[in-house]
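S.K.: Sequence and predicted structure, then a few things I'm wondering about:
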Amino acid sequence: MSTGIDAIFDARQTEDRAPSVVFARFDRDGLQHVGGRGTVGGSTPGADTAYRIASCTKSFTATALLALRDAGALQLDQPITDVVPAFADVALPTDDSPVPTLRMLLTMSGGLPTDDPWGDRQESITDDELDALLRRGLRFDSIPGTTFAYSNLGYALLGRAVQVAAGLPYREVIETTVLGPLGLTSTGFDASVRPAADVAVGHRRLGTTWYELPFSAPGAFSPIGGLFSTARDLARWATWLASAFDPEGRRDVDGVLSRASRREMQQLHRLAPGLGAHPAGYGFGLFVEQYPEAGPVISHSGGYPGFSAHMRWQAATGVGVLGFENATYAQVSVPVTSAFDGLLSESPASRVSVTPWAETRAAQAAVSAIVLGGDVPDGLFSENVEWDVPLEHRRALWAEAIASIGGVTAAPSGGARETLDPAAGEESKAPSHLVWRLPGAHGVLRVEIRLTPEDPPRVQTVNVRAETEH
């Protein structure tokens, strides 16, 4: 698996996108493979070389905000004016527009315009300067709460909310309540997180020449992208977030943010049309994409003057890839995504599978027998089955379908199998749902059931149709 990642980034180096790159693969057990190309401080960069992670910082801001929510210090549906009074001077786009709430800003739906180039240059402004900006007025692209638009200003406001609710400076909240407890000792808001030789300097290219860029200092916009980190630390961060979906609880750390709240972060709360190749949107400080076979994939990119970062993992398995480059607009997300997709295609375990309930499996055997003419056991069907289509009529339709494929030649073995059987044409969208196919002489009989939410559950849906050979 690692060879594929190395090959992708070797090819990347021929494009001369940045003076250096670090990339890594991780899973629920932590960092599994790290590679570096180019030079930082005269050496090849590696797992402990620090880069600015830019907007990947937003997941840290969201974590701190949710922790304060969980502690009762704030509410997500309160207006931003509760914690940033200067926003009260902002004229809203329409008379009936709501004041943006913390939830709207978390999900990039506060109505503010996308502001990457401008926002990236605001990090060092003071709280007073941010307040003055608000009092001068803002423009809106949409009515708050209605549309996705990526807003750095929105996350600067959330950083202020963290600061006000905690009664401490934003950066101190992140350092003491997130970074410290998680052991992220090489992550912080300035280059002192690592010795100077282990800190990548940002670059931009003009013509054929790379020029070094100075680091911006921390300030009121640090919540949008101010962190420095390493591959080792960011992999630890990603595996901790992904551990919310791990039934074994690996990488869980008590006292930072609950598993439930971390799962909440990694849900699609606001659709972002046209974002990528898959249906996607924004959660809380993280993007969420729905891969057809792999399920939800969580990610975030970071772009700052002189830097590019990307982290990406599969929610179901915690398998992921990250990368850093030290050049403006380098778009390291491209090779990281390519490497990640390659990992998924190489690993059957990455395909999300459903385990049907034992009752679903028992119903499968019973329904197969009924479709082939057997009796209906008491209590198998919910009352709607007969009310929707009488069993007598169903049996006539089933007989026609069976005849059209030349008769059924074998019935399923049944039993309490946990995995789906592709050879039997089994599919499942949920533990309460199952599709299977009975082979016939000239095709197959597709049978689908869905169980009720009762305990014990009963069969509420029985769909049968012939799929003939062409």
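M.R.: That came in fine, so what should we check first?
S.K.: How is the protein partitioned into domains?
M.R.: For the chain, automatic domain parsing gives the domain ranges 2-350, 358-468.
S.K.: now do the same end-to-end measure for the shortest one.
M.R.: So that's domain 358-468. 30 Å (Cα to Cα, to the nearest Å).
S.K.: any idea how far it is from the chain center?
M.R.: 35 Å (Cα atoms, centre = their mean, to the nearest Å).
S.K.: Likewise for the first one?
M.R.: Between the centre of domain 2-350 and the centre of its chain there are 12 Å (Cα atoms, centre = their mean).
S.K.: hang on, the earlier thing: any chance of the domains of the chain in CSV, with mean pLDDT and mean neighbour count too?
M.R.: For glycine as for every other residue, the C-beta is placed from the backbone atoms N, C-alpha and C. Below are these laid out as CSV (pLDDT from 0 to 100; neighbours: other Cβ atoms under 10 Å):
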stretch, mean pLDDT, mean neighbour count
domain 2-350, 95, 19
domain 358-468, 92, 15
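S.K.: Quick one: residues contacting the closest residue to Ile5 other than its chain neighbours.
M.R.: Leaving aside its sequence neighbours, Ile5 sits nearest to Ala339 (Cβ to Cβ, 6 or more residues apart in numbering; 4.4 Å). Counting by Cβ atoms under 8 Å, 6 or more residues apart in numbering, Ala339 touches Gly4, Ile5, Ile8, Phe9, Phe23, Arg25, Val321, Gly323.
S.K.: Sort out for me which of the residues you listed are in strands.
M.R.: Counting by DSSP state E, the part of the contacts of Ala339 found in strands is Phe23, Arg25, Val321, Gly323.
S.K.: Is it correct that Thr230 is in contact with Thr187?
M.R.: Yes. Taking Cβ atoms under 8 Å as the definition, Thr230 is a contact partner of Thr187 at 7.3 Å.
S.K.: Residues that sit against both of these two, list them.
M.R.: Joint contacts of Thr230 and Thr187 (Cβ under 8 Å, 6+ apart) are Val193.
S.K.: what residues are up against Asn463?
M.R.: Asn463 neighbours (Cβ under 8 Å, 6+ apart): Arg446, Val447, Glu448, Ile449.
S.K.: And the closest residue to Ser338 other than its chain neighbours, how close does it get to Val21?
M.R.: With sequence-adjacent residues excluded and distances taken as Cβ to Cβ, 6+ apart, Ser338 is closest to Ile8, at 5.5 Å. Ile8 is 11 Å from Val21, where distance means Cβ to Cβ, to the nearest Å.
S.K.: How about Gly276?
M.R.: According to Cβ to Cβ, Gly276 stands 22 Å off from Val21.
S.K.: Thr409 now?
M.R.: Taken as Cβ to Cβ, the span from Thr409 to Val21 is 57 Å.
S.K.: rewinding a little: pull the most distant pair out of the contacts of Asn463.
M.R.: Arg446 and Ile449 (11.3 Å; Cβ to Cβ).
S.K.: what's the helix or strand for the residue nearest the centre of the chain?
M.R.: Geometric centre of the chain, nearest residue: Ile298, 2.1 Å, by Cα atoms, centre = their mean. Per DSSP states H and E, Ile298 falls inside strand 295-304.
S.K.: Report the strands that pair with that strand, each with its relative direction.
M.R.: Here strand 295-304 is paired, per DSSP bridges, with strand 287-291 (antiparallel), strand 307-314 (antiparallel).
S.K.: Kindly format the C-alpha coordinates of the shortest one as CSV.
M.R.: Written as CSV, here are the backbone C-alpha positions of strand 287-291 (Å, rounded to 0.1, in the frame of the first residue of the first chain):
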residue,chain,number,x,y,z
PHE,A,287,-15.9,18.3,5.0
VAL,A,288,-17.9,15.1,4.5
GLU,A,289,-18.1,13.2,1.2
GLN,A,290,-20.3,10.2,0.5
TYR,A,291,-18.3,7.6,-1.4
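S.K.: who touches that strand?
M.R.: In contact with strand 287-291 (Cβ under 8 Å, 6+ apart) are residues 266-268, 272, 275-276, 278-282, 296-300, 314, 344.
S.K.: Try it again at 6 Å.
M.R.: Leu268, His278, Pro279, Ala280, Pro296, Val297, Ile298, Ser299, His300 (Cβ atoms under 6 Å, 6 or more residues apart in numbering).
S.K.: Among these, which pair sits farthest apart?
M.R.: For these, the farthest-apart pair by Cβ to Cβ is Pro279 and His300; their separation is 17.2 Å.
S.K.: Quick one: end-to-end distance for stretch 118-136.
M.R.: Taking Cα to Cα as the criterion, the two ends of stretch 118-136 lie 16 Å apart.
S.K.: which residues sit against it?
M.R.: Outside stretch 118-136, the residues that touch it by Cβ under 6 Å, 6+ apart are 86-87, 89-90, 152, 216-217, 219-222, 224, 226, 304.
S.K.: that older thread, would you confirm that the residue nearest to Ser338 contacts Val336?
M.R.: No. Between Ile8 and Val336 there is no contact under Cβ atoms under 6 Å: 8.7 Å.
S.K.: For the stretch 51-200 of the chain, which segments are assigned as helices?
M.R.: Under the criterion DSSP state H, counting those that start in this stretch, the stretch 51-200 of the chain contains helices at 58-70, 102-106, 116-119, 127-136, 152-166, 170-174.
S.K.: Asn384 is nearest to which of these?
M.R.: Short answer: helix 102-106, nearest of the helices of the stretch 51-200 of the chain by Cβ to Cβ, at 37.6 Å.
S.K.: can I get the CA coordinates of the closest one in PDB?
M.R.: Extracted in PDB, the C-alpha atoms of helix 102-106 (Å, rounded to 0.1, in the frame of the first residue of the first chain):
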ATOM      1  CA  LEU A 102     -23.000  29.700  15.900                       C
ATOM      2  CA  ARG A 103     -24.400  26.700  14.100                       C
ATOM      3  CA  MET A 104     -24.800  28.600  10.800                       C
ATOM      4  CA  LEU A 105     -21.200  29.800  11.000                       C
ATOM      5  CA  LEU A 106     -20.000  26.300  12.000                       C
END
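S.K.: Next, format the contacts of strand 287-291 as TSV and append distance to Asp128.
M.R.: Output for those, formatted as TSV (distance: Cβ to Cβ, whole Å):
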residue	distance to Asp128
Leu268	36
His278	43
Pro279	42
Ala280	37
Pro296	41
Val297	40
Ile298	36
Ser299	35
His300	29
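S.K.: Return the member of those nearest to Leu168.
M.R.: Looking across the contacts of strand 287-291 and measuring by Cβ to Cβ, the closest to Leu168 is His300, at 24.9 Å.
S.K.: got the contact list for the closest one?
M.R.: If you count contacts by Cβ under 6 Å, 6+ apart, His300 has them with Cys56, Ser59, Leu286, Phe287.
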